[in-house]
Every structure is written in structure tokens, then in C-alpha cells.
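Participant: Any chance you can model this:
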Amino acid sequence: MSLLLELAGNKAKARAAAKELSIPQLENLIAGFNKALEKAKEEEAALEAEKAQKTARAAEIADLIVNSGLTVEEIVALSTPKTSKAGAKKGNTVEPKYRLTVDGETYEWTGRGRTPKVFQEYFDAGNSRDSVTIK
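Facilitator: Purely as a prediction, here's the structure:
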């Protein structure tokens, strides 16, 4: 690729390199370059059209914002997705709902998840949850 860049930047070197090629080879090379040029022009035109379309959309959105009476900050605040449960973020701690003291050691449980063994043994012994509920 660097050879092509060098030849494209220096006409004398390009002519010298062209002398080494036959006429059919030169015609084939020119045809290939013409196709590459057409494709590059088409891609550039497509990019310009896309840019113009985005500019038009941005102007349309700006007009809608101005006509709505809202500020950009208000739109951002209103369009921010809300969490499904208020305050239910992963990693938040939950206050314990039950407290049990066995052999001088205090155990606490939120009431969520699997029942701890200490609490399960207490409940299996015929005691109620109300008796260990933190009030």
C-alpha cells in the first residue's frame, strides 16, 4: 500500500512505474482505479446524505423542544428509566424482622430467604414467629 501512496504523491515516479507495464496492463490498472474512484465517491455521497439527514433530524428535535416549553434537563429527567421497585437495589441491607436469643447468643433474621437453622428449630419446637418478632 505504501508503494501506491508514493506513486500517488509523485507523478514522475508514477510515469516511471507505468513504463514497466504493457498497454493492456495499464488499461486494466486504470479501469480498476476508476472503479475504486466511483465507489469512493458513492460512499462519500452516502456519508454526506446521512450527515444531512441527521442534521435535519436534530433541527426537527430542537424545534420540538423549543415548542414544547421543556428544557433539555427536564426531558432527560423525565425520560430516565425508573426502577421497578422503590429502593430495591442490589446490595441494600434489610432491617432484621426476627430476633432470637439462644444460650446467651443473639440471632437476627430478616424473614427473607431460607429460614436459619436456629429459627427453624425454634419454630419446630412449637413456638410461633410472633414470639420472636422485633417490635
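
Participant: Which positions in the least confident helix or strand in the chain by mean pLDDT come out as buried?
Facilitator: None of the helices or strands of the chain scores lower by mean pLDDT, DSSP states H and E than helix 2-9, at a mean of 82. Within helix 2-9, the residues that qualify as buried by neighbour count (16 or more other CB atoms under 10 Å) are Leu7. Heads up, the C-betas are built off the backbone N, CA and C, glycines and all.

Participant: Need the contact partners of the next helix or strand after that helix.
Facilitator: Next helix or strand after helix 2-9 toward the C-terminus (DSSP states H and E): helix 11-18. Here helix 11-18 makes contact (CB atoms under 8 Å, 6 or more residues apart in numbering) with 6-8, 26.

Participant: what's the answer for stretch 20-36, then?
Facilitator: Against stretch 20-36 from outside (CB under 8 Å, 6+ apart): Ala18.

Participant: pull the CA atoms of it into CSV?
Facilitator: What follows is stretch 20-36, C-alpha atoms only, in CSV (Å, rounded to 0.1, in the frame of the first residue of the first chain):
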residue,chain,number,x,y,z
GLU,A,20,7.3,-1.1,-17.0
LEU,A,21,3.7,-2.1,-17.7
SER,A,22,2.2,-3.1,-21.1
ILE,A,23,-0.8,-1.2,-22.6
PRO,A,24,-3.3,-3.9,-21.6
GLN,A,25,-1.9,-3.9,-18.0
LEU,A,26,-2.1,-0.1,-17.9
GLU,A,27,-5.7,-0.2,-19.2
ASN,A,28,-6.6,-2.8,-16.6
LEU,A,29,-5.0,-0.7,-13.8
ILE,A,30,-6.8,2.4,-14.9
ALA,A,31,-10.1,0.6,-15.1
GLY,A,32,-9.6,-0.7,-11.5
PHE,A,33,-8.7,2.7,-10.3
ASN,A,34,-11.7,4.2,-12.0
LYS,A,35,-14.0,1.7,-10.3
ALA,A,36,-12.3,2.4,-6.9
